[in-house]
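Peer 1: Pasted the sequence and its predicted model underneath.
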Amino acid sequence: MEDTGRMAAFMARIESGEKIEATDWMPEEYRNLLIKQIHMHGISEIMGAYPEKEWVPKAPTIRRKLALNAKVQDEIGHGQMLLRLAEDLSRPYGRGREELMDDVLDGRIKFHNVFHMEAPTWADAGVIGFLVDGGAIITQAMLLDSSYAPYARMLKRIVAEESFHMQHGEAVVLALAEGNQAQREMLQGAINRWWAPMMFFFGPTQMGKSAEAMMGYRIRTKTNEELRQKFINRYVPRIRALGMTIPDAELRLDPATQEWHYSQPDWELYNAMVRNNTGPRSQARLALRRQAHVDQRWVREAMNAAAQRIANQGSERQSAM
Amino acid sequence: MDNLLQGAAHGLMAVIKPIADDEWILGHRGSEWLALAPDLEGDMALSSISQDNLGHAQFYYELLHSLGLPSADEQVYLRTAAEWTNAHLLEVPNHDWAGTIALRYLYQVFDDIRHQGLLASPYQPLTDGVRKIRREAQYHLQHFQTGFEMLAIGTDESRQRLIEGVNQVWEMLGDLFSWGPAEAFLPDLGLQGVSEKVVKTAWMDRIEAQFRHLGLPEPAAIPQPALNGRLGQHSEALADLLDEMTEVRRIGLSAPW
């Protein structure tokens, strides 16, 4: 079948709500958009482990320490599952795990703005679960309908875990809200730090070219603004119920449109942060990733060499029989 | 405490405490590896093991609580360094990956022998728990033994680093086998099988055999401890660890968290 015919048939499948599998033919643009989305998603999960990982050694009770350790483990697990998908999609380009991981260190792939930010208090560790995982659930719930079946299937599992993370974050936040003055102040401080980055998190109202293209291919199904509105709608009452305030004097619900008005985050600042890795913690976290991935390449090489040696012994034994 | 005599409870606590402290400190240091392991799969495995270690410690602290000590949380968060009885080699800052694998492998063999001995206890709440913990610990042993063997046969670099790791850890082995004051209670508790001498001999036999099998340099004798953690003697490293660990908790010792 010639390309235009294949393309028309592919689009007809997408438009009729059919799902695409990894082994199906797909246009190169579709493949590249998927790689871009899933690679960025996977790497963001991994970079997202760092702000919370810092708090595992300091978690204030046995229960919290176990829960936070498990949460960070889940984030690494999500990163691993998503990179497996990106590896499958990147196979025609001859790129695997090593390269996909190198990309973030070489600045070829970006990660979410929220993971460039500082998490200076225990309340930040709770608020990340509460707001960031809560926000991620909203974007990922939309992706459950993704036209790419392996991504949709994997997200089902990821979203289920993220909702545990959100509940963990909510439990930490609730305890602080019911705590002493210092705890409540710590909580308000963290909410103040995370609100504007969360407004940026969903992306500009006027979406970029690749986000538009992803809508066309039904890789994603909702606009940035729809997602942000959903987030505000969900979190304004929750934060107020904690007795905390939202750091945005412009925030109000328009009774006519039922849309929230909010202050624009500093788009320039956050965009530059993500593009150039110039956030307050970008370089420190990339340094940790480099330490894990580059400085310990010798371990992966040793494991491969050992596995090879064991396999060779096995086949020698077999041929001797 | 059921039919436990007052004296037996005292002895049991002295035996259980260092085991709990070993597992807690191990889990704490292990969790520092989060997101820093050489690959994602290994990261998740180690993280899962750390949670198991912390969970084991929690079981022992709860058992100690049932024997009269404060709550598990208070035992973890409100003690000074001199009140901890973990072995010295577990409290030092993490080594590189090879050193960590060496430490963990050497510890897991020790832990395995200690568990076997503990099963002889007539105190059922202890043996029930140890039986459960042992099921997990056997996977830990398998995991670190595989890691140890793979580094030994992997590349020249990994083998060299493993040997250096073993040497670093070896110098600190002294107090691992010690029970401090608890040694005196072991016969009455039916726990001769975990006495310093018995465990040390069994451990050395297994380690020597493994080193021979992998062609690693013959291990030196186990050094005398410079500090004995079982007696509450610790390096600065433990004080630093506890300082960091309790940083948040100290904002409100009795506040809800």
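Peer 2: Nice, thanks for sending it over.
Peer 1: Burial check on the nearest residue to A:Met101 once chain neighbours are set aside, number of neighbours?
Peer 2: Leaving aside its chain neighbours, A:Met101 sits nearest to A:His293 (5.1 Å; criterion: Cβ to Cβ, 6 or more residues apart in numbering or on different chains). Bear in mind the C-beta positions are built from the backbone N, C-alpha and C, glycine included. By the measure other Cβ atoms under 10 Å in any protein chain shown, the count of residues near A:His293 is 22.
Peer 1: what does the model give A:His293 for pLDDT?
Peer 2: A:His293 carries a pLDDT value of 98.
Peer 1: who's in contact with it?
Peer 2: A:Met101, A:Asp102, A:Leu105, B:Pro38 (Cβ atoms under 8 Å, 6 or more residues apart in numbering or on different chains).
Peer 1: three-state assignment of the last one?
Peer 2: Taking DSSP: H, G, I helix; E, B strand; the rest coil as the rule, one finds B:Pro38 in the coil state.
Peer 1: Test my guess that it contacts A:Val299.
Peer 2: Yes: contact status for B:Pro38 versus A:Val299: in contact at 3.8 Å, counting by Cβ atoms under 8 Å.
Peer 1: Need the residues touching each of the two.
Peer 2: With Cβ under 8 Å, 6+ apart as the test, B:Pro38 and A:Val299 both reach B:Trp97.
Peer 1: Between those two, which is the more surrounded one?
Peer 2: A:Val299 (26 against 19).
Peer 1: which secondary structure elements does the helix or strand hosting the more buried one contact?
Peer 2: Using DSSP states H and E, the element containing A:Val299 is helix A:297-320. Helix A:297-320 is packed against helix B:124-153, helix B:156-170, with contacts defined by 3 or more Cβ pairs under 8 Å, 6 or more residues apart in numbering or on different chains; DSSP states H and E.
Peer 1: And stretch A:145-156, how far out from the chain middle?
Peer 2: 15 Å (Cα atoms, centre = their mean, to the nearest Å).
Peer 1: Which positions in that stretch come out as buried?
Peer 2: For stretch A:145-156, burial by neighbour count (16 or more other Cβ atoms under 10 Å in any protein chain shown) applies to A:Ser146, A:Ser147, A:Tyr148, A:Pro150, A:Tyr151, A:Ala152, A:Met154, A:Leu155.
Peer 1: so, in contact with chain A or not, the host helix or strand of B:Lys17?
Peer 2: Assigned by DSSP H and E, B:Lys17 falls within helix B:6-31. Yes: applying Cβ under 8 Å from any Cβ of the partner chain, one finds that helix B:6-31 is in contact with chain A at B:His28, B:Ser31.
Peer 1: Could you see whether chain A lies near the following helix or strand past that helix?
Peer 2: Where DSSP H and E defines the elements, the next helix or strand beyond helix B:6-31 is helix B:40-66. Yes: applying Cβ under 8 Å from any Cβ, one finds helix B:40-66 touching chain A at B:Leu40, B:Glu41, B:Asp43, B:Met44, B:Ser47, B:Ser48, B:Ser50, B:Gln51, B:Leu54, B:Gly55, B:Gln58, B:Tyr61.
Peer 1: Can you flag the buried ones in these?
Peer 2: Among the residues of helix B:40-66 next to chain A, those classed as buried by 16+ other Cβ under 10 Å are B:Leu40, B:Asp43, B:Met44, B:Ser47, B:Ser48, B:Ser50, B:Gln51, B:Leu54, B:Gly55, B:Gln58, B:Tyr61.
Peer 1: can you give me the strands for the stretch 1-150 of chain A?
Peer 2: With DSSP state E, counting those that start in this stretch, there are no strands along the stretch 1-150 of chain A.
Peer 1: quick one: B:His234 and B:Ala87 touch, right?
Peer 2: No: in this structure, B:His234 is not within contact of B:Ala87 by Cβ under 8 Å, at 10.0 Å.
Peer 1: can I get the helices and strands packed on helix A:297-320 in TSV with mean neighbour count?
Peer 2: Shown next, in TSV, are those (neighbours: other Cβ atoms under 10 Å in any protein chain shown):
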stretch	mean neighbour count
helix B:124-153	18
helix B:156-170	18
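Peer 1: give the contact list for the residue nearest to A:Ala70 when sequence neighbours are not counted.
Peer 2: What sits nearest to A:Ala70 in space, not counting adjacent residues and going by Cβ to Cβ, 6+ apart, is B:Gln51, at 6.1 Å. Contacts for B:Gln51 (Cβ under 8 Å, 6+ apart) come out as A:Leu66, A:Asn69, A:Ala70, A:Gln73, B:Gly27.
Peer 1: List the contacts of the closest residue to the fourth one other than its chain neighbours.
Peer 2: Spatially, and ignoring its direct neighbours in sequence, A:Gln73 is nearest to B:Ser47 (4.0 Å; Cβ to Cβ, 6+ apart). Neighbour list for B:Ser47: A:Asn69, A:Ala70, A:Val72, A:Gln73, A:Ile76, B:Gly30, B:Ser31, B:Trp33, B:Leu34 [criterion: Cβ under 8 Å, 6+ apart].
Peer 1: was I right about the fourth one contacting B:Leu46?
Peer 2: Translated: A:Gln73. No: contact criterion Cβ under 8 Å: A:Gln73 and B:Leu46 do not qualify, at 9.1 Å.
Peer 1: So what's the residue count around the residue of chain A found nearest chain B?
Peer 2: Residue of chain A nearest chain B, by Cβ to the nearest Cβ: A:Ala302 (2.9 Å). By the measure other Cβ under 10 Å, the count of residues near A:Ala302 is 27.
Peer 1: Nearest residue to it in space, please, no chain neighbours.
Peer 2: Closest residue to A:Ala302 apart from its sequence neighbours, by Cβ to Cβ, 6+ apart: B:Gly154 at 2.9 Å.
Peer 1: roughly how far apart are the closest residue to B:Thr246 other than its chain neighbours and A:Lys19?
Peer 2: Nearest-residue entry for B:Thr246: B:Tyr77, 5.5 Å, with adjacent residues in sequence omitted and distances by Cβ to Cβ, 6+ apart. Here B:Tyr77 is placed at a distance of 50 Å from A:Lys19 (Cβ to Cβ, to the nearest Å).
Peer 1: Give the residue spans of the chain that score low on pLDDT.
Peer 2: Let's take chain A. In the predicted model of chain A, residues A:1-2, A:321 satisfy pLDDT under 70.
Peer 1: Chain B, not that one
Peer 2: For chain B, the ranges with pLDDT under 70 are B:1-6.
Peer 1: Using TSV, lay out the contacts of B:Gln51 together with neighbour count.
Peer 2: Shown next, in TSV, are those (neighbours: other Cβ under 10 Å):
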residue	neighbour count
A:Leu66	19
A:Asn69	25
A:Ala70	18
A:Gln73	23
B:Gly27	23
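Peer 1: Good, wrapping up.
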